[in-house]
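Visitor: Need the 3D shape of this:
(2 chains, ligands or ions: 1)
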Amino acid sequence: MEKFEKVVSRAVPMPIEDIDTDQIIPARFLKATSRDGFGDNLFRDWRYEQNGNPKTDFVLNDNTFSGRILVAGRNFGCGSSREHAAWALADYGFKVVVSSFFADIFKGNALNNGILPVQVSDEYLLGLLDAIQENPETEITIDLVNQQISYQDQKETFKVNVYKKECLINGYDDIDYLINMKSEIEAYEASSLVV
Amino acid sequence: MGKTLFDKVWDAHVVKSLEGDIDVLYIDRHLIHEVTSPQAFSELEKRGLSLFRKEKMVATPDHNIPTKDQHLPIKEALSKHQVDTLLANCAKHDVELYGLGHPFQGIVHVIGPELGITLPGRTMVCGDSHTSTHGAFGAIAFGIGTSQVAQVMASQCLLQSRPKTMRITVDGELKKGVLAKDIILYIIAQLTAAGGTGYFIEYAGSTIQSLSMEARMTICNMSIEMGARGGMIAPDDTTFNYIKGREFAPKGEAFEEAVSYWKTLHSDSGASFDKEYTFHANDIEPMITYGTNPGMGIKITKEVPLSMGNGSQDSFNKSLDYMGFKPGESLLGKPINHVFIGSCTNSRIEDLRIVADYVKGKKKAENVTAMIVPGSKQVEQQAIAEGLHEVLSAAGFELREPGCSACLGMNEDKVPAGEYCVSTSNRNFEGRQGPGARTLLASPLVAAVTAIEGKIVDITKHLN
Ligand code: SF4
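Guide: Sure thing, here's the model as predicted:
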């Protein structure tokens, strides 16, 4: 996994609540057997007409906004556990999603793919969305080491699990950790009532 | 202080606790299917790893398979490739597989319980969020992403932060026509689609205890629709009787021994939960959803609300626009052209019996296309043995072969854009049943009545 320390970027605003993973990547695009290329179908049905023409009023088709940070309404990533949602966001180029609330499975999937979910307060989210709308060139800084998000003079700290933070900064993932634990896992199997 | 059911099962599976409140959790059973496993197998191969405990895995294709002519090769090239990849991976890594046509094939969450793979006290995972279904047996079961599928393949473990605990108690006797699906839609409407996030739920109370195993599965299945990591119910005699004699369940003395352990799996009287809710069965009526998340549910006779509590009005309006409904209007009388009975929420034999029982001797309305998709080959065979398929086809329902089908619209079973579908599945998200499709979630009984009437009605007036 790529190492993650700091992201300084403009952002794409998506002030919609309860964005579920079926919107992020609809099921009919889950037929691939590799992890690549999902970005083309990110937000497919919000982004394109059924005939494949881009919907001009959707933010990803609006040149005014760009950047590696997606700022979305609360309860982002609810619904299906499909990791394809995280792959699609990453493949499109997002490194960070900011919201005031994340669904659990999505949060885990994002972290496992080097995308940082940054949970901020409702007020901070509103302020940030306003600032981006007012000036799409607003730069946002996500400082993972100090767990701080900032734009203009607005700062807020966010939480990250210490272990997960370590993984992101060093580019490790869980599987690296687990395969080095084999003997402990075997000892557990021998000692417990595993069935 | 006593322990909760959740604590008992979780604690028994902690291999090691790490700094930062993360546990290495041992996983007893891992179910896989064609859509979320191929990239995990590739990951393993890329790293030169093999399966750590292949005998703890079971595979079946369900999400991306046709529900017609399953004996013929799959026509759609990408779907065929995905299913073939599962077959090839299972052959190569020697994983137990129930492929198309196998008597044990079906939706992962339907076959686990019916084969006796799902047992009280186990930890179970699958690359699918409705793995919460298995919690009905007093197991800790939850959905995972593909990276985690690879982790379990490589180590039989997962790194997990310990969720908070919530108990939802439902007491009292259910009214006529109210099913488990109504209970869970009611609870989600009260708690909202994010109300359970961060929690593992235990469902308790006299109403829950009175339910059959299949009804309990319907409840636990939809825990994820409140954002919860999972849901569970303490095992009791209903559970033990259900498990007894199933294919992979312990037999003879081993079963008796298991039961005496399973009997210890309940929340102690002094156990405390991070959050508790209590509901009364008497307040619950047949439910239906009007919006684009499962928290947007109402009693079928009530009006669409004007807003969603403290949710954003823009998101609420966007949702109603998509559905073509207006705030404050009643859904009664709305014509419905599609009825889907299926999915891991409501495709078991009891669901099919409920539908058959109601439609017996009746005919579906002309405007309705009614599809019924059994959850597994075993359910299908049982339905045939009981003659349900004849009752259903006489009523104009199309009985398909087992799979996820129109629950997620990954195969050709889709609802056309703009059309309404009363569905017994679990998600009414935009486009879930096909681009532009409008889904209304309901119980199998509501679905059956809708199919006959061709519109939404107050079902209680149609029950004798
Ligand atoms: S039936 Fe629907 S919810 Fe259940 S596993 Fe299949 S796709 Fe998922």
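Visitor: What parts of the stretch 151-300 of chain B come near the ligand?
Guide: Residues of the stretch 151-300 of chain B that fall close to the ligand, judged by CB under 6 Å from any ligand atom: none. Every C-beta, even on glycine, is put in place using the N, C-alpha and C of the backbone.
Visitor: average pLDDT for the strand or helix carrying residue A:86?
Guide: If you go by DSSP states H and E, residue A:86 is part of helix A:84-92. The average pLDDT within helix A:84-92 is 97.
Visitor: What of stretch B:258-273?
Guide: 97.
Visitor: related to what we said a few turns ago, can you tell if the helix holding residue A:86 touches chain B?
Guide: Yes: counting by CB under 8 Å from any CB of the partner chain, chain B is contacted by helix A:84-92 at A:84, A:86.
Visitor: Please see if that helix touches the ligand.
Guide: No: against the ligand, helix A:84-92 shows no contacts by CB under 6 Å from any ligand atom, the least distance being 13.5 Å.
Visitor: And that helix, what does it pack against?
Guide: With contacts taken as 3 or more CB pairs under 8 Å, 6 or more residues apart in numbering or on different chains; DSSP states H and E, helix A:84-92 sits against helix A:21-24, helix A:104-111.
Visitor: Please dump those into TSV; it should also carry mean pLDDT for every row.
Guide: Shown next, in TSV, are the helices and strands packed on helix A:84-92 (pLDDT from 0 to 100):
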stretch	mean pLDDT
helix A:21-24	97
helix A:104-111	95
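Visitor: how far does stretch B:373-392 stretch from start to finish?
Guide: In stretch B:373-392, first residue to last residue: 12 Å (CA to CA, to the nearest Å).
Visitor: follow-up on the earlier one: and of the helices and strands packed on helix A:84-92, who's closest to the ligand?
Guide: helix A:21-24 (10.4 Å; CB to the nearest ligand atom).
Visitor: What is the closest one packed up against?
Guide: Using 3+ CB pairs under 8 Å, 6+ apart, the elements in contact with helix A:21-24 are helix A:84-92.
Visitor: now the angle from the helix it packs on to helix A:104-111?
Guide: Following axes from the mean of the first three to the mean of the last three CA atoms, to 10 degrees, one obtains 30 degrees for the angle between helix A:84-92 and helix A:104-111.
Visitor: which residues are in contact with helix A:84-92?
Guide: Applying CB atoms under 8 Å, 6 or more residues apart in numbering or on different chains, the contact partners of helix A:84-92 are A:21, A:24-25, A:29-30, A:35-42, A:70, A:77, A:97, A:106, A:109-110, A:112-115, B:145-146.
Visitor: Pretty sure residue B:22 sits against residue A:163.
Guide: Yes: the criterion here is CB atoms under 8 Å, and residue B:22 meets it with residue A:163 at 5.1 Å.
Visitor: Are there residues contacting both of these two? Which ones?
Guide: Residues touching both residue B:22 and residue A:163 by CB under 8 Å, 6+ apart: residue B:159.
Visitor: Strands along chain A, start to end?
Guide: For chain A, the strands defined by DSSP state E occupy A:6-9, A:11-14, A:69-72, A:96-99, A:116-119, A:140-143, A:148-151, A:154-157.
Visitor: how about the ones you listed in CSV, adding mean neighbour count, mean pLDDT and distance to residue B:173?
Guide: Shown next, in CSV, are these (neighbours: other CB atoms under 10 Å in any protein chain shown; pLDDT from 0 to 100; distance: least, CB to CB, whole Å):
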stretch, mean neighbour count, mean pLDDT, distance to residue B:173
strand A:6-9, 15, 97, 56
strand A:11-14, 24, 98, 45
strand A:69-72, 25, 98, 43
strand A:96-99, 24, 98, 41
strand A:116-119, 22, 98, 42
strand A:140-143, 20, 98, 53
strand A:148-151, 19, 98, 51
strand A:154-157, 14, 98, 49
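Visitor: Is it possible to get TSV of the ones you listed that adds distance to residue B:159?
Guide: Output for these, formatted as TSV (distance: least, CB to CB, whole Å):
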stretch	distance to residue B:159
strand A:6-9	24
strand A:11-14	30
strand A:69-72	25
strand A:96-99	21
strand A:116-119	17
strand A:140-143	23
strand A:148-151	25
strand A:154-157	24
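Visitor: possible to save the ones you listed as CSV with distance to chain B?
Guide: Below are these laid out as CSV (distance: least, CB to the nearest CB, whole Å):
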stretch, distance to chain B
strand A:6-9, 21
strand A:11-14, 11
strand A:69-72, 11
strand A:96-99, 11
strand A:116-119, 11
strand A:140-143, 19
strand A:148-151, 19
strand A:154-157, 17
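Visitor: Indicate which one of the ones you listed is closest to residue B:321.
Guide: The closest of those to residue B:321 is strand A:11-14. By CB to CB, the value is 16.8 Å.
Visitor: What does the pLDDT read for residue A:43?
Guide: Here, the pLDDT recorded for residue A:43 equals 98.
Visitor: Hmm, residue A:26 and it touching each other?
Guide: No: contact criterion CB under 8 Å: residue A:43 and residue A:26 do not qualify, at 9.1 Å.
Visitor: So for those two, which sits in the more crowded spot?
Guide: The residue with more neighbours, out of residue A:43 and residue A:26, is residue A:26; 25 against 22, by other CB atoms under 10 Å in any protein chain shown.
Visitor: ok, back up a step: how far does the helix holding residue A:86 sit from its chain's centre?
Guide: Centroid separation between helix A:84-92 and its chain, computed with CA atoms, centre = their mean, to the nearest Å, is 8 Å.
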